[in-house]
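Enquirer: Here is the input, now give the coordinates:
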Amino acid sequence: MLLQERYNEEIRDRLARELDYDNRMQIPALEKIVVNMGISERDDPRVLDGAMDNLKTITGQKPVVTRARKSISDFEIRKGVPVGCKVTLRGKRAYAFVNKLVNVVLPSIRDFRGLSPDSFDGRGNYTLGIDEQLVFPEITYDDIERVQGMDITIVTSAETDQEGFYLLEELGFPFRE
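Expert: Next up is the predicted model:
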């Protein structure tokens, strides 16, 4: 059974009972997932191309180049220079990515002891960082230009961190105590 089907048939009802909601529209759901890869070497265009290829392979969707909004002289960044790439996943792709993240990627991280429950933003959204893209099964060491990390933000319709925590816990996220 797909994760989205399991959410619609089982998890939604469990959350309604647990959070004591009468209206189905109040029940928290997964809205979107934003996967962001920043690049530090802006002199070499192959690094950005490699990051975009890796992100496309990981998510199954073409990434968008993110550019600097303003110049920062300490970091030698000029306005409009590419600083990374990102992908926004919604619907079936978002649930498929969560399924892969929870069941394949997180267990394959060495010395993984669980996700921190403190990474919520106050509105029920959760952000986690991954140190290298090699933990994804689609990426082989020969395919990468440079080892890079990424930020994954899970945006939910929850209004509080507690609701978001319950939702992600029901979806299978391994939080530590």
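
Enquirer: and the closest residue to residue 150 other than its chain neighbours, what are its bridge partners?
Expert: Leaving aside its chain neighbours, residue 150 sits nearest to residue 37 (4.7 Å; criterion: CB to CB, 6 or more residues apart in numbering). Glycine gets a C-beta too; all of them are placed from N, C-alpha and C. Taking DSSP bridges as the rule, residue 37 bridges to residue 85.

Enquirer: What about residue 37, how many residues nearby?
Expert: 23 (other CB atoms under 10 Å).

Enquirer: how about it, what does it touch?
Expert: Going by CB atoms under 8 Å, 6 or more residues apart in numbering, residue 37 touches 51, 54-55, 63, 84-86, 133, 148-151.

Enquirer: Wait, residue 175 touches residue 115, no?
Expert: Yes - contact criterion CB atoms under 8 Å: residue 175 and residue 115 qualify, at 5.2 Å.

Enquirer: tally of neighbours for residue 28?
Expert: Neighbour tally, residue 28, other CB under 10 Å: 24.

Enquirer: which residues does the nearest residue to it once chain neighbours are set aside contact?
Expert: Spatially, and ignoring its direct neighbours in sequence, residue 28 is nearest to residue 158 (3.6 Å; CB to CB, 6+ apart). By CB under 8 Å, 6+ apart, residue 158 lies in contact with 28, 123-125, 164, 167.

Enquirer: Filter these down to the buried ones.
Expert: Among the contacts of residue 158, those buried by neighbour count (16 or more other CB atoms under 10 Å) are 28, 124-125, 164, 167.

Enquirer: ok, the residues you listed vs residue 9, which is closest?
Expert: residue 167 (15.3 Å; CB to CB).

Enquirer: Where does that closest one sit: helix, strand or coil?
Expert: Put simply, residue 167 is helix when judged by DSSP: H, G, I helix; E, B strand; the rest coil.

Enquirer: which of the contacts of residue 37 are buried?
Expert: In these, burial by neighbour count holds for 51, 54-55, 63, 84-86, 133, 148, 150, counting by 16+ other CB under 10 Å.

Enquirer: In the protein, which residue is most central in space?
Expert: The chain has residue 152 as the residue nearest its centroid, 2.5 Å off, counting by CA atoms, centre = their mean.

Enquirer: where do the strands sit along the protein?
Expert: 30-38, 64-67, 82-90, 126-130, 150-156 (DSSP state E).

Enquirer: Stretch 37-48: which residues count as buried?
Expert: The neighbour-count check on stretch 37-48 (16+ other CB under 10 Å) flags 37, 39, 42, 47-48 as buried.
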